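Visitor: No sequence on hand, only this structure:
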C-alpha cells in the first residue's frame with residue numbers, strides 16, 4: 001500500500017495541472033489594402049499605430065495573434081479601387097478614400113459639403129464619426145458594399161489652393177484650371193470661369209508640371225509629402241476646411257468569421273486611429289507651411305471678406321447633400337444640423353449658414 005504524504009499529494013496535483021492541454025494562440029490573417037503609397041500619412045500611421053495597437057491589445061489576453069499582410073501603393077488596387085477591392089475580398093481591411101465614391105457613399109460627403117466652417121481635423125473627425133454612429137446612413141452605405149464600417153478619419157487640416165503662378169485674392173483664380181478630388185470641385189462654382197479638373201493626390205504634381213492645371217486644392221502636409229512646391233510655389237491660404245476622406249472598413253464576410261474579441265479590438269483601435277491621425281495632421285500643419293516657405297514657396301492669406309464672398313457665391317452644396325440623402329430615405333436634414341451643431345459646440349461657426357435655404 002502506497003503512503004501519501006502532503007508533499008507527494010501536492011506534486012501529483014501539480015503534475016496533473018502541467019499535463020493539462022494549454023489553449024493554443026489562434027493566428028488570424030488580415031490583408032490590408034490601400035492604393036496610396038506607404039509615405040502617405042494615413043497609410044504610414046496604419047503601419048506605425050493601428051497595427052501595433054491591435055497586436056498589443058490582443059496580446060493582453062493571448063488568445064489571438066494577427067498575421068498582417070500590408071499591400072499599398074497599387075500592389076493590389078489603385079487609390080480609387082479600395083472600395084471595390086474590399087467588397088470583392090481582395091483585401092480584408094481597407095482604407096477607403098471616400099471622396100472618389102460620392103454616388104455610392106453620399107453621406108460621407110458631409111464635411112466636404114460644408115466648407116468654410118472648421119479647419120481643425122480633430123473636431124471634424126470626431127463630429128463625422130459621431131454622426132456615423134448616431135445615424136444609420138454611413139453604415140448602411142458601406143453594408144451595401146459588403147463592408148463593415150469601423151471609423152471615419154480626417155487626414156488634412158484644411159484645403160488650401162496651390163498655384164503655379166502668383167495669386168493674392170480669390171479673383172486671381174478666375175479663369176484658372178484647378179485640380180481637385182471630389183466635392184471640393186464644387187467650391188469653384190462661385191469663381192468666374194474657373195474650371196475644375198478631377199484628379200488624385202498622386203497625380204497632382206504631374207498635372208501642374210505639364211500645364212494640365214494651374215492650381216490644385218490640397219492641404220499643406222500633402223504639399224510637403226508630394227513636393228508640390230516644386231511646381232506650385234504659390235499658396236493662397238483660404239482655409240476651405242478640414243474634410244473627412246478616409247474610412248477604415250472590413251469585408252463583411254471576413255468580419256462575420258472573426259471572434260468577438262478581435263472585432264472589439266478592431267473597433268476600439270479604429271477610433272483611436274481616427275484621433276491619432278487627425279492629431280498628427282494638426283501637429284504637422286504649421287510645420288508643413290513653414291517647410292513650404294523654406295523650400296521657396298509663398299503664402300498669401302485672403303481676407304475674411306474675401307472668404308465670406310467666396311462662400312456666399314457658391315451654390316448651397318450642403319442643402320443639395322441633405323436633399324440627396326433625404327431622397328434616399330435617410331435623415332439628411334437632421335444629420336446636417338446635428339453635424340454643424342457638433343462643430344459649433346467645439347467652437348467652430350462657419351462664415352455661411354449652410355442649414356439656411
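Guide: Yep, it's here. These numbers were taken from a predicted model, which means no experiment stands behind them.
Visitor: Please state the offset of stretch 260-267 from the chain centre?
Guide: Relative to its parent chain, stretch 260-267 has a centroid offset of 20 Å by C-alpha atoms, centre = their mean, to the nearest Å.
Visitor: What residues sit buried inside it?
Guide: By neighbour count, and taking 16 or more other C-beta atoms under 10 Å as the criterion, the buried residues in stretch 260-267 are 262, 265-266. Backbone N, C-alpha and C define where each C-beta goes, glycine included.
Visitor: Show residues contacting that stretch.
Guide: Counting by C-beta atoms under 8 Å, 6 or more residues apart in numbering, the neighbours of stretch 260-267 from elsewhere in the structure are 28, 54, 57-58, 61, 63-64, 66, 93, 150-151, 250, 255, 258.
Visitor: Narrow these to those that are buried.
Guide: Buried residues within the contacts of stretch 260-267, defined by neighbour count using 16+ other C-beta under 10 Å: 28, 54, 57-58, 64, 66, 93, 150-151, 250, 255, 258.
Visitor: tell me which of the residues you listed is nearest to residue 107?
Guide: For residue 107, the closest of those turns out to be residue 151, at 14.5 Å, with distances computed as C-beta to C-beta.
Visitor: any residues touching whichever helix or strand that closest one is part of, and which ones?
Guide: Secondary structure from DSSP states H and E places residue 151 in strand 147-153. If you take C-beta under 8 Å, 6+ apart as the criterion, strand 147-153 is touched by 42, 83, 86-87, 94, 96, 98, 108, 125, 128-129, 132, 138-139, 142-143, 244, 246-252, 255, 266-267, 270-271, 273-274, 277-278.
Visitor: So which of the contacts of stretch 260-267 belong to strands?
Guide: In this view, the contacts of stretch 260-267 that belong to strands under DSSP state E are 28, 64, 66, 93, 150-151, 250.
Visitor: want to throw those into TSV with distance to residue 316 and pLDDT?
Guide: Formatted as TSV, the entries for the ones in strands among the contacts of stretch 260-267 read as follows, by distance: C-beta to C-beta, whole Å; pLDDT from 0 to 100:
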residue	distance to residue 316	pLDDT
28	47	98
64	49	98
66	45	98
93	36	98
150	31	98
151	29	96
250	35	98
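Visitor: so who does the residue nearest the centre of the chain touch?
Guide: When C-alpha atoms, centre = their mean is applied to the chain, the residue found nearest the centroid is residue 246 (2.2 Å). By C-beta under 8 Å, 6+ apart, residue 246 lies in contact with 42, 95-98, 152-155, 277.
Visitor: you'd agree residue 178 is in a strand?
Guide: Yes - when classified by DSSP: H, G, I helix; E, B strand; the rest coil, residue 178 is found to be part of a strand.
Visitor: contacting residues around the nearest residue to it once chain neighbours are set aside?
Guide: Among residues not flanking residue 178 along the chain, residue 215 sits closest, at 4.5 Å (C-beta to C-beta, 6 or more residues apart in numbering). Contact partners of residue 215, counting by C-beta under 8 Å, 6+ apart, are 161-164, 167, 173, 176-179, 208, 232.
Visitor: got a winner among these for most neighbours?
Guide: Each of the contacts of residue 215 was scored for neighbours by other C-beta atoms under 10 Å, and residue 162 scores highest at 30 neighbours.
Visitor: per-residue confidence at the spatially closest residue to it that is not a sequence neighbour?
Guide: The shortest distance from residue 162 to any residue other than its chain neighbours is 4.0 Å, reached at residue 232 (C-beta to C-beta, 6+ apart). In the predicted model, residue 232 carries a pLDDT score of 97.
Visitor: so who does residue 232 touch?
Guide: 162-164, 208, 215-216, 223.
Visitor: and the angle from the helix or strand harbouring residue 279 to strand 147-153?
Guide: Assigned by DSSP H and E, residue 279 belongs to helix 260-294. Between helix 260-294 and strand 147-153, the angle formed by their directions is 40 degrees, by axes from the mean of the first three to the mean of the last three C-alpha atoms, to 10 degrees.
Visitor: Off-centre distance for helix 260-294?
Guide: What separates the centre of helix 260-294 from the centre of its chain is 9 Å, taken as C-alpha atoms, centre = their mean.
Visitor: What residues sit buried inside that helix?
Guide: By neighbour count, with 16+ other C-beta under 10 Å as the criterion, the buried positions of helix 260-294 are 262, 265-266, 269-271, 273-278, 280-282, 284-285, 288-289, 291-292.
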